[in-house]
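[1] My questions are about this predicted structure, shown below with the sequence.
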Number of protein chains: 2
Amino acid sequence: MSVLRNSRQAISVSDEKLAARCARGRVIVIDDDVQILAALAALFELEGYACETYTSALAYLDILNFPSPSFPGPCCVLCDIKMPGLSGLELQRRLASLGDTPLLFMSGDSGAQEAVSAFRAGAIDFLIKPIDVDVLLASINRALACSSECQQAQIRRDVLAARIAMLTERERDIARRVAAGQTNPEIAAKLNIALRTVKLHRQRALEKIGAGGTVDLVRIADEVGL
Amino acid sequence: MSVLRNSRQAISVSDEKLAARCARGRVIVIDDDVQILAALAALFELEGYACETYTSALAYLDILNFPSPSFPGPCCVLCDIKMPGLSGLELQRRLASLGDTPLLFMSGDSGAQEAVSAFRAGAIDFLIKPIDVDVLLASINRALACSSECQQAQIRRDVLAARIAMLTERERDIARRVAAGQTNPEIAAKLNIALRTVKLHRQRALEKIGAGGTVDLVRIADEVGL
DNA sequence: TAAGTAATTGCCCTTTGGTGCAATTGTTTT
DNA sequence: AAAACAATTGCACCAAAGGGCAATTACTTA
């Protein structure tokens, strides 16, 4: 039932459907039990999500090393905590430095200690087997919603950061001062340059950043820094 | 060893020391085992924190109902999860609606389920007995630091909210529009009032809010709303 | 009823912000 | 060396922001 997909596969005719599913949400399931993988994959696909399955944490990490073009959309990882090779908690440590994909754990007979470690390290949820389907789906929904938000915010930050990167040193400096509330004459005095020069840099900075006015600039400065 | 303190007690000569301890951090310990309470209280007092102990969740909630003047400072609750009467998780539910005091749980033989429930409901940590003293203190430190941050932010928001509450409807409306980037002439046109009037309200709003300029107003508006 | 508060407006003046036009200088890239 | 980019400045003009002064109107409160 379950189809193992990785992002390296060639573009095929089924990609349209896959893209649609990915847009809704992509669930990455990692478990050494193939039966469970199959069952979960079937469940998630039935719910309209895209699903990728891996039989080990390493297999998943391998895929991540190929920054292949994947369909956009929210994404979360559902991972068994007890697996041969890399355990779930170890995977979590390695993922932490990479991105901000929400991580959910599944556990059979683990004690409280593992759950605590998982949450401390930032896990978004910890599901104890036997897992209720509704609870699982609700949890996955939360995780995907969280991922979606993060991604949107990240995209916005990236766009703005790219624009800010286009500023020259002078422009950035003056934009910073403007965002700090300094007036043009004040800035001119501080930098020992002509008022006209300040105005010019200020204007250029606003243009490059794409801020409609000073008010926008302040918000952008507070959001992504300058 | 441990001294049970509640905020209703009369001001006494030892209050200076207590105030100093509270400023460093106040740990509220709830456990039905008096031995443990005594030991923890001794530990925390030794570390320079103020410590209040309660033998049941209800006893603590009772105290909260008397909004008595307490010394300011960061504060956290360390609570056994398994207690007669109100359990730790039930206490958590009731506290959630009250304030944002960080909550830490202690647990002897609880399963993962309780830890998961605690974290889902926002617990800041979950300590499994036997508890390592260093781990405990580190966790308490995190919680108090968190509390401190929250309190500072809350105070700031309260101050600003109080100022904003002094605005008249007109002033608030115009401040909103200014924060949204509208110019005085635009606002005047929208509201069908004279430019001079807009300027006056704008000026008054900035004064009352205590914003040095438009830049400040934008930040305040984004932080506490208008 | 008198005082106080809030909203309103006009006139006038200064400071800031926003731009166009034109030009100079130094550095970097092709 | 020519072209391109960044920083700089002067002059002039207009729009917007910030206030001072004075006055009117409507509504609420002591």
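    Cool, the structure landed.
[2] Dump stretch A:92-109 to CSV, restricted to CA.
    As requested, the backbone C-alpha atoms of stretch A:92-109 are provided in CSV (Å, rounded to 0.1, in the frame of the first residue of the first chain):
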residue,chain,number,x,y,z
GLN,A,92,16.2,14.9,17.3
ARG,A,93,19.6,16.2,18.3
ARG,A,94,20.8,16.1,14.7
LEU,A,95,17.6,17.7,13.3
ALA,A,96,17.7,20.5,15.8
SER,A,97,20.7,22.1,14.1
LEU,A,98,19.1,21.7,10.7
GLY,A,99,15.7,23.2,10.4
ASP,A,100,12.5,23.7,12.4
THR,A,101,10.5,20.7,11.3
PRO,A,102,8.1,19.8,14.1
LEU,A,103,9.0,16.4,15.6
LEU,A,104,6.5,14.0,17.1
PHE,A,105,7.5,10.8,18.8
MET,A,106,5.8,7.5,19.2
SER,A,107,6.6,5.2,22.0
GLY,A,108,5.6,1.8,23.1
ASP,A,109,6.8,1.1,26.5
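[3] now that stretch: mean pLDDT?
    Looking at stretch A:92-109 alone, the average pLDDT works out to 89.
[4] Same question for stretch A:177-195.
    Average pLDDT, stretch A:177-195: 98.
[5] can you check stretch A:75-83 too?
    Computed over stretch A:75-83, the mean pLDDT rounds to 95.
[6] and chain A, which residues reach DNA strand C?
    Along chain A, the residues adjacent to DNA strand C under the rule CB under 7 Å from any atom of the strand are A:183, A:184, A:185, A:196, A:199, A:200, A:202, A:203, A:206, A:213, A:214. Glycine gets a C-beta too; all of them are placed from N, C-alpha and C.
[7] tell me which of those residues is nearest to chain B?
    Of all the residues of chain A next to DNA strand C, the one sitting nearest chain B is residue A:213; the distance, using CB to the nearest CB, is 5.3 Å.
[8] who's in contact with the closest one?
    A:206, B:181 (CB atoms under 8 Å, 6 or more residues apart in numbering or on different chains).
[9] Tell me the spacing between it and residue A:202.
    Taking CB to CB, to the nearest Å as the measure, residue A:213 and residue A:202 are separated by 11 Å.
[10] Can you report how many residues neighbour whichever residue of chain A sits closest to DNA strand C?
    Using CB to the nearest atom of the strand, the point where chain A gets nearest to DNA strand C is residue A:184, with a distance of 3.0 Å. Other residues near residue A:184 number 17, with proximity taken as other CB atoms under 10 Å in any protein chain shown.
[11] hang on, the earlier thing: show me the two of the residues of chain A next to DNA strand C that sit farthest apart.
    A:196 and A:213 (19.8 Å; CB to CB).
[12] Could you pull up phi and psi at the residue of chain A most remote from its centre?
    When distances to the mean C-alpha position of chain A are computed (CA atoms, centre = their mean), the maximum falls on residue A:194, with 44.2 Å. For residue A:194, the backbone dihedrals (degrees, to the nearest 10) come out as phi -70, psi 150.
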